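Student: quick one: sequence plus predicted model below, questions after.
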Amino acid sequence: MSPLSEPSPTSQPVLVAGRWRPADVVETYQSVNPATGESLPDAWPVSRWSDVEEALDAATAAAGVLAATPGEQIAGFLERYARRLEGRGDDLVAAAHAATGLATTPRLADIELPRTLDQLRQAAAAARSGDWRLAVIDSSRNIRSAAFPLGPVVVLPPSNFPLAFGCLTGGDFAAAFAAGCPVIAKAHPGHPAVSQLAAGEAVAALGESGLPAASIQLIHGLGIEDGERLVADARVGATAFTGGERAGRRLFAAASAAGRPIWVEMGSLNPVVLLPAAIASRAASIADELTTSVTGSAGQLCTKPGLVFLVDDEAGRGFVEAVAERFRSVAPQLLLGPPVRERLDASLATLERAGARRIGGAEAAAEGCRHAATLLETTASEFIGRGELLGEAFGNATLLVRCDSLDELAQAIERLPGTLAASLYSDAGDEQAVGSIAARLAAISGRLIENRMPTGLAVSPAMHHGGPWPAAGPPFFSAVGLPFSMLRFARRICYDGCSPLRLPDCLADAVPPGSPWRMIDGTWTRQPVGSGA
């Protein structure tokens, strides 16, 4: 295998077919420092289809090699890569901060970078164990099946997590690669330098691990039509997209029309339901939690609460005023960039045209990419009758829905579409309402949370980060939670009556490398076939 060259610091190349080279450029772009409004110095390429064509061919060739690569070798790469990223942690954090305005500490250095490294190491452990394959063996009939990699995976990342959801550092990348799939990554234009730094470390780790050079490729920009063409290409095993609903729907339609798998995680309203006894017993603490949840990271989280439901009794009215006062005390906050501010202003204007009223937020106008924390309110009758009030406002804003009764509150939440998460606050005295409301929230959400806000997402095997359409799709699968998240990039193959020579290691009579759990004749075991264990 020939060594991969390092990228030139001035040409801003793409990484295609195992080498850094100049892109076949349609145009270039520059990312913006949101704190200053100034363009960052580097120019990044938007590629023509020829770059994609070469990347697809190279990934297809690498896919066959990776599919046959032992899990131990893939795990070794992921661990080497994590160590290299850890060694470049200061550079990665600095690049992410300059392009997004996200705080260096604690957000990037103390939260997001450790989460990124943890994901990669969890993915390595999953690849090494082989449990993710969910191998099932019926020895009496000689029928055996397991999960196997789909082939090249396209990763399209969001703007708000340059590291933990980055195209070459995030959970989608980690899950796809751990499953044995080569990755074609498209950098987000909001933080391309982060992807370029990560790609350099990936190149070195691939060489150290003896894996195909085209196992990881990086393109910086594509036109809209080429993006749709890419996710629909027959050479693509699957696509992982995290971002806004408008782009997600378009890509989902293009991929689905061609029969290509695509996993989308789009916007979400993440409703919070506050039952009367909970407000009566701890209004001040809930007001603090809500304000922190909406304004943390300037509300630029896919789990931010976008809707809050409460009963408009005396305690409820006092709670609303307490939250409004807290919002007024929050200084204007820095958003990720001009497009995010423009979309937030447009979303708030839509909500106000539909009848929502501003009741909390800074009086003075915010400058540049800063935006005042914004609290709006509406009544349940207005909410039920006006579909425009169901729109997401991505950023530091939320909408309170004041309900005349618990019955009206229940009617209002019946209007909710699919969502990533939903929170239910209750206390003694709320028992009659809890069961039915919890059941409704569980029906529309991927994660039901009790007495806690929806922000904050643990990287745990038990975590689910997905949900019913339009928050995500398909709804059964999760973008977080290894090894389960790896199954998005795999397909099941059944070996029916095949001789031992035809069987992959994970379905052989002997215990496979890593000693994975396998279901043999109805029992999960790590023993060989025929052991009786």
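Tutor: That came in fine, so what should we check first?
Student: surely Gly267 and Glu392 touch.
Tutor: Yes: judged on C-beta atoms under 8 Å, Gly267 makes contact with Glu392 at a distance of 4.3 Å. C-betas here are computed from N, CA, C, even on glycine.
Student: can you work out which residues contact both of these two?
Tutor: Listed as contacting both Gly267 and Glu392 by C-beta atoms under 8 Å, 6 or more residues apart in numbering are Glu245.
Student: and the strands in the stretch 301-450 of the chain?
Tutor: Counting by DSSP state E, counting those that start in this stretch, the stretch 301-450 of the chain has strands at residues 307-311, 333-334, 357-360, 370-371, 374-379, 397-403, 419-425, 445-450.
Student: I'd like those strands as a markdown table, with mean pLDDT appended.
Tutor: Output for those, formatted as a markdown table (pLDDT from 0 to 100):
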| stretch | mean pLDDT |
| --- | --- |
| strand 307-311 | 98 |
| strand 333-334 | 95 |
| strand 357-360 | 92 |
| strand 370-371 | 94 |
| strand 374-379 | 97 |
| strand 397-403 | 98 |
| strand 419-425 | 98 |
| strand 445-450 | 97 |
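Student: may I see those arranged in TSV, with mean neighbour count as well?
Tutor: Converted to TSV, the strands of the stretch 301-450 of the chain look like this (neighbours: other C-beta atoms under 10 Å):
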stretch	mean neighbour count
strand 307-311	25
strand 333-334	22
strand 357-360	18
strand 370-371	22
strand 374-379	23
strand 397-403	26
strand 419-425	26
strand 445-450	20
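Student: mind checking the ones you listed for the one nearest to Ala193?
Tutor: strand 333-334 (18.4 Å; C-beta to C-beta).
Student: what's next to the closest one, contact-wise?
Tutor: Around strand 333-334, the neighbours that count as contacts under C-beta under 8 Å, 6+ apart are 34-35, 101, 295, 298-299, 366, 369-373, 396.
Student: what about 6 Å?
Tutor: Residues outside strand 333-334 that contact it (C-beta atoms under 6 Å, 6 or more residues apart in numbering) are Pro34, Gly101, Ala298, Cys369, Arg370, Asn396.
Student: partner strands of it, parallel or antiparallel?
Tutor: If you go by DSSP bridges, strand 333-334 pairs up with strand 370-371 (antiparallel).
Student: and stretch 21-37, what's buried?
Tutor: Neighbour counts over stretch 21-37 (16 or more other C-beta atoms under 10 Å) mark Arg21, Ala23, Asp24, Val25, Ser31, Val32, Asn33, Pro34 as buried.
Student: in this structure, which spans are helices?
Tutor: Taking DSSP state H to define them, one finds helices in the chain at 49-67, 71-87, 89-100, 113-129, 171-178, 192-209, 224-232, 245-257, 276-295, 314-328, 338-353, 380-385, 406-413, 431-444.
Student: pLDDT weak spots in the chain?
Tutor: The chain contains residues with pLDDT under 70 at 1-11, 362-366, 533.
Student: pick the one among the buried residues of stretch 21-37 closest to Arg88.
Tutor: Checking these against Arg88 with C-beta to C-beta, the nearest one is Ser31 at 18.9 Å.
Student: tell me who's in contact with the closest one.
Tutor: Leu40, Ala99, Gly190.
Student: out of these, which is nearest to Gly243?
Tutor: Gly190 (10.6 Å).
Student: what's the spacing between the closest one and Leu335?
Tutor: Gly190 is 11 Å from Leu335, where distance means C-beta to C-beta, to the nearest Å.
Student: check Gly37 too.
Tutor: As judged by C-beta to C-beta, Gly37 and Leu335 stand 11 Å apart.
Student: equivalent analysis for Leu420, please.
Tutor: From Leu420 across to Leu335, the span is 21 Å (C-beta to C-beta).
Student: over to Asp131?
Tutor: Per C-beta to C-beta, Asp131 is found 41 Å from Leu335.
Student: tell me the contacts of the residue nearest to Ser445 when sequence neighbours are not counted?
Tutor: Among residues not flanking Ser445 along the chain, Ala422 sits closest, at 4.0 Å (C-beta to C-beta, 6 or more residues apart in numbering). Residues in contact with Ala422 (C-beta under 6 Å, 6+ apart) are Pro271, Leu441, Ser445, Leu448.
Student: nearest to Thr169 among those?
Tutor: Nearest to Thr169, judged by C-beta to C-beta, of the contacts of Ala422 is Ser445 at 27.3 Å.
Student: need the contact list for the closest one.
Tutor: Ser445 neighbours (C-beta under 6 Å, 6+ apart): Thr419, Ala421, Ala422, Gly467.
Student: dump the residue contacts of the last one.
Tutor: What that stands for is Gly467. Gly418, Thr419, Leu420, Ser445, Gly446, Pro475.
Student: out of these, flag the one nearest to Pro461.
Tutor: Closest to Pro461, out of all of these and judged by C-beta to C-beta, is Gly446, at 15.4 Å.
Student: and the closest one, how far is that from Ala479?
Tutor: 10 Å.
Student: for Pro106, same thing?
Tutor: In this view, Pro106 and Ala479 are 23 Å apart by C-beta to C-beta.
Student: between those two, which is the more surrounded one?
Tutor: For Pro106 and Ala479, the more surrounded residue by other C-beta atoms under 10 Å is Ala479, and the numbers stand at 26 against 9.
Student: number of nearby residues for the closest residue to Ser531 other than its chain neighbours?
Tutor: Nearest non-adjacent residue to Ser531, counting by C-beta to C-beta, 6+ apart: Thr525, 7.6 Å away. Look at Thr525: counted by other C-beta under 10 Å, it has 17 neighbours.
Student: the domain parsing of the protein - what is it?
Tutor: By the assignment in automatic domain parsing, the chain contains the domains 45-134+149-266+478-485, 272-462.
Student: most tightly surrounded among the ones you listed?
Tutor: Ranked by average neighbour count under the criterion mean count of other C-beta atoms under 10 Å, those are headed by domain 45-134+149-266+478-485 at a mean of 22.
Student: span of it from start to end?
Tutor: Length of domain 45-134+149-266+478-485, first residue to last, C-alpha to C-alpha, to the nearest Å: 31 Å.
Student: dump the contacts of Ser31 into a markdown table; add distance to Val236 as well.
Tutor: Compiled in a markdown table, those are given as follows (distance: C-beta to C-beta, whole Å):
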| residue | distance to Val236 |
| --- | --- |
| Leu40 | 31 |
| Ala99 | 28 |
| Gly190 | 24 |
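Student: from those, which single one is nearest Val183?
Tutor: The nearest member of the contacts of Ser31 to Val183, counting by C-beta to C-beta, is Gly190 at 19.6 Å.
Student: from Val194, how far off is the closest residue to the closest one other than its chain neighbours?
Tutor: Nearest residue to Gly190, sequence neighbours excluded (C-beta to C-beta, 6+ apart): Ser159, at 4.2 Å. Ser159 is 11 Å from Val194, where distance means C-beta to C-beta.
Student: repeat for Leu334
Tutor: Relative to Val194, and taking C-beta to C-beta, Leu334 is found at 18 Å.
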